[in-house]
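Let's see this in three dimensions:
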Amino acid sequence: MDPHLLRTFVAVARLASFSEAARELGYTQSAVSQHIAALEQDLGAPLLTRRPVTPTAAGERLLEHAAPLLLRLDAARADVTRIAAAPAYGLTLAASPTALGARVLAALPPAGVTLRVVARADVPAAVATGTAEIGLVDGLAAPSDPLRLPDVAPLTTHGVSEEPVGVLFPDGHPLAGRDAVRLADLADARWIDAPDTALPLPHLRAANGGHGFRPALRYEGVDVRMLTALVAAGHGLALLPCSAGEGAAGVRVVPLGAPRVVHRVECVYAGVPAGAAGELVGALG
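As a prediction, this is how the structure comes out:
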């Protein structure tokens, strides 16, 4: 299967337009049509209906395979380039918002750092495709257990830190004065779904046997201060590493007593990091 044809198919399906895909990819519309026809001939199945432009059943199944296939190809290119290239000055670090604890910040080189705060799911892909030399990703885990990261490429990971997690309550909430809370007792509370900032609700749901934790509001940002402001305004609860909520106005952080889980941060990299990347990996080891 020609990856160029596959990329064209993904663009047409995403944009629902041959002409828009041609504009985005820098092709003529005729070339895009030829790419789709060639891919359909290769696979022996129609992949798109034309009016309107939507994936067929076979096209939907191909889309499920396309993203990981193309990501693997980009990762392979980046890996080979990384081996052949000389170490560059500086460092690009991709990190999820709550992975940037005090230890990480203290270990950053004094100059030449580009810090990209991205969604958790995007950190391994950024490292795999070479848009970042080092990644820092976090999540909910049992003590000393590694995080379950997507298998996007051969990447090396090691733990950086673990700390307690806590529920953010607005001041005045009946449970805000407790020493600890049980997650199971909050399954039916109002929660803020902030998958890229708070610890994701599916993680909480999994820890509670697969039920509860329906969102009252969804926040699609990466600003921890905005999340704490939403909690303070009464829009719902959130689960964060305890240090991330400390000192925020209008909220109280109550440690999670059960189940026994922690906020874990892991360093992610490909190959053998050199230069500033190697120094940072060593400092976080």
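
can you give me the helices in the stretch 101-250 of the chain?
102-107, 122-128, 201-207, 224-232, 242-245 (DSSP state H, counting those that start in this stretch).

For the nearest residue in space to residue 7 that is not next to it in sequence, give me phi and psi.
Nearest residue to residue 7, sequence neighbours excluded (C-beta to C-beta, 6 or more residues apart in numbering): residue 70, at 6.4 Å. Placement of C-beta: from N, CA and C, glycine included. Per-residue torsions, residue 70: phi -70, psi -40 (degrees, to the nearest 10).

Now do residue 70: how many residues are near it, please.
15 (other C-beta atoms under 10 Å).

still on that earlier bit, tell me the most buried of the helices of the stretch 101-250 of the chain?
The highest mean neighbour count among those, using mean count of other C-beta atoms under 10 Å, belongs to helix 122-128: a mean of 24.

got the contact list for that helix?
Contacting residues not belonging to helix 122-128 are listed as 71, 74-75, 78-79, 94-96, 99, 116, 118, 132-137, 149-150, 152-153, 155, 268-270 [C-beta atoms under 8 Å, 6 or more residues apart in numbering].

Off-centre distance for that helix?
Relative to the mean C-alpha coordinate of its chain, helix 122-128 is positioned 8 Å out (C-alpha atoms, centre = their mean, to the nearest Å).

how about the CA coordinates for it, as PDB?
In PDB, the C-alpha atoms belonging to helix 122-128 read as follows (Å, rounded to 0.1, in the frame of the first residue of the first chain):
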ATOM      1  CA  ASP A 122       0.400  13.500  21.900                       C
ATOM      2  CA  VAL A 123       3.600  13.300  24.000                       C
ATOM      3  CA  PRO A 124       4.800   9.800  22.700                       C
ATOM      4  CA  ALA A 125       3.900  10.700  19.100                       C
ATOM      5  CA  ALA A 126       5.900  13.900  19.400                       C
ATOM      6  CA  VAL A 127       9.000  12.000  20.500                       C
ATOM      7  CA  ALA A 128       8.500   9.200  18.000                       C
END
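
got the contact list for the residue nearest to residue 7?
Contacts of residue 70 (C-beta under 8 Å, 6+ apart): 3, 6, 7, 10.

coming back round to it: ok, which of the helices of the stretch 101-250 of the chain comes nearest residue 141?
Closest of these to residue 141 is helix 201-207, at 9.0 Å (criterion: C-beta to C-beta).

The closest one - contacts with which helices or strands?
strand 134-141, strand 191-193 (3 or more C-beta pairs under 8 Å, 6 or more residues apart in numbering; DSSP states H and E).

what is the mean pLDDT for it?
Averaging pLDDT along helix 201-207 gives 85.

In the protein, what helix or strand scores lowest on average pLDDT?
When each helix and strand of the chain is scored by mean pLDDT, DSSP states H and E, helix 57-84 comes last, with a mean of 79.

Could you report the neighbour count for residue 26?
Residue 26: 7 neighbours (other C-beta under 10 Å).

So it versus residue 70, what's the distance?
Taking C-beta to C-beta, to the nearest Å as the measure, residue 26 and residue 70 are separated by 17 Å.

Where among the helices and strands packed on helix 201-207 is average confidence lowest?
strand 134-141 (a mean of 92).

Summarise which helices and strands it is packed against.
Against strand 134-141 (3+ C-beta pairs under 8 Å, 6+ apart) you get strand 91-95, helix 122-128, helix 201-207, strand 262-269, helix 275-284.
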